[in-house]
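Engineer: 3D model of this:
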Amino acid sequence: MDTHVSKPGARSGFVTRSRAAVSLLFLMNGFVVGCWAPKIPDFAERLALTKFELGLMILVFGVGSLVMMPLAGAQIAKHGSRVVVQVLALCVLPLLLALTLAPNVLTGAISLFLFGGFIGAMDVAMNANAVSVEKSMRRAIMSSCHAFWSLGGLIGSGLGGIVISSSAFSAMRNWRRCWRQSSLPSPGRWSLRIRRIPTPRRKRRSCRWCRCRGCSD
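Structural biologist: Numbers count the residues shown, from 1 in each chain. The predicted structure follows:
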């Protein structure tokens, strides 16, 4: 990070603590984006989105990035890239789960807006941090940082596809579908259901002596 830097002047070692930290941030960002990519078809199917509506959802992701990137730059100038990138890294992780469990289009759109915004803001903060580390080390590390981002995207998309196709993910989708179907209906639906329930009738059996159908035990 930019707070643990060596003294300017001589070039530092090839691998330092600051370089390892910022490389892991790039790896994490790429991993999260890679995990989201194979979930897009499931996201569209779960919310019953058309191709046009799915395109609008992807547009919401971009709008979130455009909104949050300038705000991230202002916070970096005020607090430094280290603090900002740590906070954003913590905010990104729950949003992937929120996209997985979004029950309707509204919550899905809000989650996707925040996800795109925090991903874009984290991208700005970690690039600013990489520039600071690069200056302190007097070495060019930006290319290797973006290589770690690509590696994270490759790992995330590969693992995401495997998990989605596994039986565990299918079981989770079936459980979610059953949970929705078993949720309590509204009072109006209860009344309709109650009206449709037939009134139980007492069974009548013939007596032992006369065998008539009108007598009961």
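Engineer: Okay, and the residue positioned nearest the centre of the chain sits in which element?
Structural biologist: Nearest to the geometric centre of the chain sits L96, at 1.4 Å (Cα atoms, centre = their mean). Per DSSP states H and E: L96 is located in helix 81-101.
Engineer: orientation of the very next helix or strand once past that helix relative to helix 81-101 in degrees?
Structural biologist: Scanning forward in sequence from helix 81-101 by DSSP H and E, the next helix or strand is helix 105-137. Interaxial angle, helix 105-137 versus helix 81-101 (axes from the mean of the first three to the mean of the last three Cα atoms, to 10 degrees): 150 degrees.
Engineer: just checking, what packs against helix 105-137?
Structural biologist: Under the contact criterion of 3 or more Cβ pairs under 8 Å, 6 or more residues apart in numbering; DSSP states H and E, helix 105-137 touches helix 17-36, helix 51-79, helix 81-101, helix 142-165. Every residue, glycine included, has its C-beta placed from N, CA and C.
Engineer: In the first one, which of the residues would be classed as buried?
Structural biologist: Translated: helix 17-36. By neighbour count on 16 or more other Cβ atoms under 10 Å, the buried set for helix 17-36 is 18-19, 21-23, 25-36.
Engineer: Likewise for the third one?
Structural biologist: Under the neighbour-count criterion of 16+ other Cβ under 10 Å, helix 81-101 has 81-89, 91-92, 95-96, 99-100 buried.
Engineer: before we move on, what about the last one?
Structural biologist: Residues of helix 142-165 classed as buried by neighbour count (16+ other Cβ under 10 Å): C145, F148, W149, L151, G152, G153, G156, S157, G160, I164.
Engineer: hang on, L25 packs against V92?
Structural biologist: No. Assessed by Cβ atoms under 8 Å, L25 is found out of contact with V92, at 10.6 Å.
Engineer: overlap in contacts of the two?
Structural biologist: With contacts defined as Cβ atoms under 8 Å, 6 or more residues apart in numbering, the residues adjacent to both L25 and V92 are M122.
Engineer: quick check, nearest of the buried residues of helix 81-101 to A121?
Structural biologist: Of all those, L88 has the smallest distance to A121: 5.3 Å, by Cβ to Cβ.
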